[in-house]
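1. quick one, fold the following:
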Amino acid sequence: MGRRSVSGSVRVLIGIVFAALIADAWLAYRNINALLSEERNISASYIRLNALQRTLTAITDAETGQRGFLLTGDEEYLAPYDEARKAIETDLRALRQMWPDAAGGDFDALDRLVQSKLGELQRTIALRREGRLTAAEAIVRRGQGKAQMETIRAVVDTLRSDEQAHLTRSTLKSASARETAFVTAAFATSVAFVAVLLCLRLLRHDLEQRSRLAEERAELLRREQHARTQAEAANRLKDDFLAALSHELRNPLHAVVGWLQILRQRPDDLALRARAMETVERNARALQRMIEDLLDASRASRGKLELDLAPTAIGTLVTSVLETVRPSAASKGVELTEHLAAAGAVVNGDYDRLAQVAINLVSNAIKFTPEGGRVDVSLAQEPDAVVIRVKDTGRGISAAGTDGGLGLGLSIAKQIVELHGGTIAATSDGAGRGASFIVRLPPARLGAGSEADVLAHDARS
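-> The predicted model follows:
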């Protein structure tokens with residue numbers, strides 16, 4: 001009887017264990033499916049949110065390319081615009097496939113607004129290509145494009161808010177499913193010790209994996225936020241750059257147009273004509289330098305700024321540069337002095353690029369030095385460097401560190417010097433107290449026949 005009772009109890013216990021395991025297996029299966037479903041929903045939500053952000057960023061890039069093209073007329077500026085159009089079409093098509101519920105309502109409104117915005121950009125580009133810059137600028141000044149962008153951002157924000165709400169619900173459901181799975185595991189633990197050990201091991205593995213996934217997801221989110229911050233900063237820099245570029249282009253163009261109007265009114269005044277030709281030529285050269293700096297900056301950003309290295313006599317180079325800029329200093333009433341203590345110094349460099357650096361530094365010093373001021377250029381030899389120093393008595397460098405210009409020349413000069421293995425530094429005692437720019441270049445190690453090579457290279461340059 002007792003044995004039968006024990007056997008019956010064992011059978012009952014075994015039955016309970018099996019029933020509990022079966023129930024636990026069924027509950028676990030259901031909960032895991034629910035959890036995986038919500039995880040897929042969460043992943044899909046992040047994908048849709050990223051697609052919305054990419055669409056908004058692409059529209060901004062398209063507008064930036066359009067503005068650059070309107071300002072310069074250079075087709076190269078339309079590269080971001082063309083790429084953005086393709087990206088927008090791809091992302092909108094993907095959003096419709098991934099987000100069936102968004103096929104109407106706000107999503108259709110977004111699609112219409114985006115197409116309208118792209119149409120407005122295309123119209124202004126077409127007008128610019130036809131030479132009708134004034135008509136294109138009129139469309140921009142009407143503010144329709146800005147209003148469209150604000151409406152697009154509002155619609156995107158609405159879609160993003162809806163998706164965030166959906167993401168929150170999925171996250172809560174995922175947490176609820178995870179909690180239910182844990183309770184189910186605890187129930188199985190109380191029924192059978194062996195099942196508990198197995199469940200604990202599986203749960204431990206599952207929790208560790210989920211923890212790793214959560215950390216990876218958090219890291220991805222941090223990277224995405226960092227990338228978004230960088231993209232926004234880049235957009236702000238592009239806007240600032242375009243504003244500065246338009247200002248820098250406008251000044252010499254205004255001077256040229258103004259003198260041409262004066263010449264039209266007084267065509268027989270020979271003295272005035274000579275003065276006008278000088279001014280027009282000076283401003284045209286300024287525009288030419290600006291365009292060359294833009295091209296060099298573009299090459300540098302792509303890592304395509306190449307050097308033609310050869311033994312180069314720095315003294316000869318500096319003397320040639322000073323002769324080039326001396327008329328500009330004289331016309332402005334700025335004294336230009338030189339102290340070339342190391343006239344025979346030689347570096348292994350690109351003559352034209354180093355001349356570009358020197359011309360930029362000396363021209364900037366003349367530009368920011370008032371009439372009656374002085375610019376001093378010195379060349380010295382140190383044990384481990386050839387030092388070019390350009391010192392002026394001009395406006396100096398304020399705490400803000402900017403003069404309101406593009407800063408392209410100095411940026412390119414820095415990259416050229418660094419490509420030569422050298423350094424460039426600026427010092428100033430403050431606004432109105434002058435500034436000094438110091439370039440340090442490694443000296444060339446000359447062997448037999450090198451002096452002839454230097455002379456031959458300078459003669460070619």
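
2. contacting residues around Ala345?
-> Each residue near Ala345 by CB atoms under 8 Å, 6 or more residues apart in numbering is listed here: Ala313, Ile314, Gly315, Leu379, Gln381, Val386, Pro443. To be clear about C-beta, it is placed using only N, CA and C from the backbone, and glycine gets the same treatment.

3. let's see 6 Å
-> By CB atoms under 6 Å, 6 or more residues apart in numbering, Ala345 lies in contact with Ile314, Gln381, Val386.

4. neighbour-wise, which one of those residues leads?
-> Comparing those by number of neighbours (other CB atoms under 10 Å), Ile314 comes first, having 27 neighbours.

5. which residue, other than its chain neighbours, is closest to that one?
-> In space, and not counting its chain neighbours, Ile314 is closest to Ala345: 4.8 Å by CB to CB, 6 or more residues apart in numbering.

6. same question for Ile42.
-> Nearest residue to Ile42, sequence neighbours excluded (CB to CB, 6+ apart): Ser170, at 4.9 Å.

7. ramachandran coordinates for the one you found?
-> phi -60, psi -40 (degrees, to the nearest 10).

8. any idea how far apart the tips of stretch 345-359 sit?
-> Between the opening and closing residues of stretch 345-359 there is a gap of 18 Å (CA to CA, to the nearest Å).

9. show me which residues of it are buried.
-> 345-351, 353-359 (16 or more other CB atoms under 10 Å).

10. just checking, what packs against the helix or strand harbouring Val114?
-> In this structure, Val114 sits in helix 106-129 according to DSSP states H and E. Under the contact criterion of 3 or more CB pairs under 6 Å, 6 or more residues apart in numbering; DSSP states H and E, helix 106-129 touches helix 2-72, helix 133-141, helix 144-191.

11. quick check: next helix or strand after the longest one?
-> Put plainly, it is helix 2-72. Next helix or strand after helix 2-72 toward the C-terminus (DSSP H and E): helix 79-98.

12. roughly how far out does that next one sit from the chain middle?
-> Distance, stretch centre to chain centre, for helix 79-98: 20 Å (CA atoms, centre = their mean, to the nearest Å).

13. same deal with stretch 293-311?
-> 19 Å.

14. and what of stretch 76-92?
-> Distance, centroid of stretch 76-92 to centroid of chain: 17 Å (CA atoms, centre = their mean).

15. give me the contacts around it.
-> Residues outside stretch 76-92 that contact it (CB under 6 Å, 6+ apart): Ala51, Arg54, Thr55, Ala58, Asp61, Ala62, Thr64, Gly65, Gln66, Gly68, Phe69.

16. what is Val387 paired to in the beta sheet?
-> Beta-bridge pairing of Val387 under DSSP bridges involves Ala380, Arg440.

17. what does the pLDDT read for it?
-> pLDDT, Val387: 95.

18. please apply the same query to Ala425.
-> 91.

19. bridged to it, which residues?
-> Taking DSSP bridges, one obtains Ile438 as the residues bridged to Ala425.

20. neighbours of Leu307, how many?
-> For Leu307, using other CB under 10 Å, the count is 14.

21. can you tell me the element Ala413 falls in?
-> For Ala413, the host element (DSSP H and E) is helix 408-419.

22. and that helix, how far from the chain's centre?
-> Its chain's C-alpha centre and that of helix 408-419 lie 18 Å apart, by CA atoms, centre = their mean.

23. buried residues, it. List them.
-> Leu408, Gly409, Leu410, Ser411, Ile412, Ala413, Lys414, Gln415, Ile416, Val417, Leu419.

24. hey, least reliable of the helices and strands packed on helix 106-129 by pLDDT?
-> Averaging pLDDT over each of those puts helix 2-72 lowest, since it has a mean of 68.

25. returning to what we had before: compute the inter-axis angle for the helix holding Val114 and helix 133-141.
-> When axes from the mean of the first three to the mean of the last three CA atoms, to 10 degrees is applied, the directions of helix 106-129 and helix 133-141 differ by 160 degrees.

26. list of residues touching helix 106-129?
-> By CB under 6 Å, 6+ apart, the residues outside helix 106-129 that reach it are 62, 66, 70, 135-136, 139, 145, 148, 151-152, 155, 158-159.

27. one step back: can I get the buried residues of helix 408-419 in JSON lines with distance to Ile88 and pLDDT?
-> Shown next, in JSON lines, are the buried residues of helix 408-419 (distance: CB to CB, whole Å; pLDDT from 0 to 100):
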{"residue": "Leu408", "distance to Ile88": "30", "pLDDT": "62"}
{"residue": "Gly409", "distance to Ile88": "36", "pLDDT": "69"}
{"residue": "Leu410", "distance to Ile88": "36", "pLDDT": "78"}
{"residue": "Ser411", "distance to Ile88": "32", "pLDDT": "79"}
{"residue": "Ile412", "distance to Ile88": "33", "pLDDT": "80"}
{"residue": "Ala413", "distance to Ile88": "38", "pLDDT": "84"}
{"residue": "Lys414", "distance to Ile88": "36", "pLDDT": "87"}
{"residue": "Gln415", "distance to Ile88": "34", "pLDDT": "86"}
{"residue": "Ile416", "distance to Ile88": "38", "pLDDT": "87"}
{"residue": "Val417", "distance to Ile88": "41", "pLDDT": "90"}
{"residue": "Leu419", "distance to Ile88": "38", "pLDDT": "88"}
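
28. for those residues, which one is nearest Asp429?
-> Asp429 lies nearest to Leu410 out of the buried residues of helix 408-419, by CB to CB, at 19.0 Å.

29. show me the strands in the stretch 251-400 of the chain, by range?
-> Assigned by DSSP state E, counting those that start in this stretch, the strands in the stretch 251-400 of the chain fall at 310-313, 335-340, 346-349, 374-382, 385-392.

30. for the contacts of helix 106-129, pick the one with the most neighbours.
-> When neighbours are taken as other CB under 10 Å, the top entry among the contacts of helix 106-129 is Gln66 (26 neighbours).

31. grab the nearest non-local neighbour of that residue.
-> Once flanking residues are discounted, Gln66 sits nearest to Leu121: 4.6 Å by CB to CB, 6+ apart.

32. what of Val318?
-> Nearest non-adjacent residue to Val318, counting by CB to CB, 6+ apart: Leu379, 5.5 Å away.

33. measure the closest residue to Arg353 other than its chain neighbours to Arg289 for me?
-> In space, and not counting its chain neighbours, Arg353 is closest to Ile416: 4.9 Å by CB to CB, 6+ apart. Separation of Ile416 from Arg289 (CB to CB, to the nearest Å): 15 Å.
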